[in-house]
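Trainee: have a look at this prediction, sequence included:
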Amino acid sequence: MKRKKVKKLLSSPRLGSNVLVKGWVRTKRENKNIIFIALNDGSTIKNIQIVVDTASFKEDMLKDITTGACLAVTGKLVESQGQGQSFEINAKSIEIYGKSDPETYPLQKKGHSMEFLREIAHLRFRTNTFGAVFRIRHAMAFAIHKYFNGKGFFYLHTPIITGSDAEGAGEMFHVTTMDLKNMPRNEDGSVDFRNDFFGKETNLTVSGQLEGELGALALGDIYTFGPTFRAENSNTPRHLAEFWMIEPEMSFYDLNDNMDLAEEFVKYLIKYALDNCHEDLEFLNNMIDKALIERLKFVLENEFVRITYTEAVSILSASGKKWEYQVGWGRDLQAEHERYLVEEHFKRPVILTDYPKEIKAFYMKQNDDGKTVRAMDVLFPGIGEIIGGSQREEQYDRLLDRIKEMKLPEKDLGWYLDARKFGTAPHSGFGLGFERLILFVTGMSNIRDVIPFPRTPKNAEF
RNA sequence: UCCUUAGUAGCUCAGUUGGUUAGAGCGACGGACUGUUAAUCCGUAGGUCGUAGGUUCGAGCCCUACCUGGGGAGCCA
């Protein structure tokens, strides 16, 4: 007999048929003559109830069916006599693939704290919450490719190991094969990388954007979707040292086109989740965040507010609020300011544009006012900045001036400047933090709980 | 990195002004039970009180340092 997944079984049940299911025991309820097993195979958040007549099975075998054990069960699919489920399987045969010692198996029928489950991240997939989160995470990854493929974007693989130290997006992890206990030194005491694997200093990438731009300036529209690494000592529920980022880059897009794409993209993903992850979202809505589905629908149905940094500063100044950090043109907006705009003033996602050039990266296109750049930050309720992007500076001279002004290593950016030297074109792009998107879509509150094995300062378990 | 808060049984927690042998619920185990839904009822076992020092006749409780977690901030996606 061929094994059926529980999801398939429940969506198109053939009552009276004999079926084979395989999965892990979530709970077992025992009576004298009858045993009920809730079996889950991961295909859906729903369990299938296995009904066991104790007289028909060996007692020793039934004893080994404990929480966490893996079973293969054959039996007849029938309408359930009980209240909690529509269908159930009357077991004819049970094979135990893997026992699970109940004295040491850490998962109980009762709820656990997220902190405890994080310590047993290798087993937390077996809980309803993490099953739901990681099924949704998969659905979002799939939807990202579906969306871009449908729009004619090409998935570009930018390097994980980079020799470029110019992104300026944060502290980097070094990559080397040299003996850390005996590093060769130059006369001035600095490390001599000439005999290292790559013959130069290399790091893990903090962003694929610069390479992505090169792809866009030939292929038209590209996107990257891969891991990125930041060696920042950030200890917050919104930061990871290893996280996944989506970075589309589009030729001939100006900042408005860029904002249109960002808004359409995020809404597509939210709609995809609502359309395809209904059961998992329902569960999270009940157990994690009662306002989750309502909030997803609200974001889907309302236009994002678009205002300039300068307008935002006026709103904040006029708000009459007491700020911990002072508001003033030229200062970067702090979390409290962004939160006020999104959660109190507009009560919806906000896109802020045209920031002072001093607080933004070198590659952003300068406005004619000489003071601001064509940057955009998409701010979400509860998450803060979920997307950061800009129209890129496509004029060679202006870009070079900016590199010099900010004292960046000009010689290392020759390849990047070449894109402006030969057939430059207006272009734009943005970066979306994948885990921050998953936070928003699942209603989870800590980013460590939306990636299977989180990497954070002082933690690289598993 | 800074501020703040916490660490006691497998889990979630209580533990009074420093004072006998550190408690509960859940889970696990044993038993009972005519179809259960985090089943129910009866019973049993389970502890180096985060680590290392210190104060004291006496420390789970007070002091110091360190480790780890939570919340907030900064950096950002």
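Mentor: Structure's in. What do you need? Numbering: from 1, shown residues only, chains lettered A, B, ... in the order given.

Trainee: and the helix or strand hosting A:G215 with RNA strand B, contact?
Mentor: Following DSSP states H and E, one finds A:G215 within helix A:209-219. No: using C-beta under 7 Å from any atom of the strand, helix A:209-219 stays clear of RNA strand B, coming no nearer than 8.4 Å. In short, each C-beta sits where N, CA and C put it, glycine included.

Trainee: what does the following helix or strand past that helix rub up against?
Mentor: Downstream of helix A:209-219, the next assigned helix or strand under DSSP H and E is strand A:221-229. Identification of contacts with strand A:221-229 by C-beta atoms under 8 Å, 6 or more residues apart in numbering yields A:141, A:144-145, A:148, A:151-158, A:160, A:172-173, A:204-209, A:211-212, A:215-216, A:241-251, A:434.

Trainee: out of these, list just those in helices.
Mentor: A:A141, A:I144, A:H145, A:F148, A:Q209, A:E211, A:G212, A:G215, A:A216, A:F434 (DSSP state H).

Trainee: any idea how far the second one lies from RNA strand B?
Mentor: When C-beta to the nearest atom of the strand, to the nearest Å is applied, the distance between A:I144 and RNA strand B equals 14 Å.

Trainee: who's in contact with that residue?
Mentor: A:I144 neighbours (C-beta under 8 Å, 6+ apart): A:Y223, A:F225, A:I246, A:L269.

Trainee: just the buried members of the contacts of strand A:221-229?
Mentor: A:144, A:148, A:153, A:156, A:158, A:172, A:204-209, A:211-212, A:215-216, A:241-251, A:434 (16 or more other C-beta atoms under 10 Å).

Trainee: please parse chain A into its domains.
Mentor: A:6-105, A:126-170+A:206-449 (automatic domain parsing).

Trainee: turn those domains into TSV, including mean pLDDT.
Mentor: Formatted as TSV, those follow (pLDDT from 0 to 100):
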stretch	mean pLDDT
domain A:6-105	93
domain A:126-170+A:206-449	94
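
Trainee: looking at those, which one is packed in the most?
Mentor: Most buried of the domains of chain A, by mean neighbour count (mean count of other C-beta atoms under 10 Å): domain A:126-170+A:206-449, with a mean of 18.

Trainee: so how far is it off the chain centroid?
Mentor: Relative to the centre of its chain, domain A:126-170+A:206-449 is centred 12 Å away, using C-alpha atoms, centre = their mean, to the nearest Å.

Trainee: which residues touch the closest residue to RNA strand B within chain A?
Mentor: At 1.9 Å from RNA strand B, A:G82 is the closest residue in chain A, using C-beta to the nearest atom of the strand. By C-beta under 8 Å, 6+ apart, the contact list for A:G82 reads A:F36, A:Q49, A:E88.

Trainee: ok, the last one - contacts?
Mentor: This means A:E88. Applying C-beta under 8 Å, 6+ apart, the residues near A:E88 are A:I48, A:Q49, A:I50, A:V51, A:L77, A:V78, A:E79, A:S80, A:Q81, A:G82.

Trainee: closest one to A:E95 out of those residues, please.
Mentor: A:I50 (12.4 Å; C-beta to C-beta).

Trainee: name the helices or strands packed onto the helix or strand where A:D401 lies?
Mentor: Assessed by DSSP H and E, A:D401 sits inside helix A:396-405. In terms of contacts (3 or more C-beta pairs under 8 Å, 6 or more residues apart in numbering; DSSP states H and E), helix A:396-405 is packed against helix A:414-421.

Trainee: beta partners for A:I37?
Mentor: Beta-bridge pairing of A:I37 under DSSP bridges involves A:K28, A:I50.
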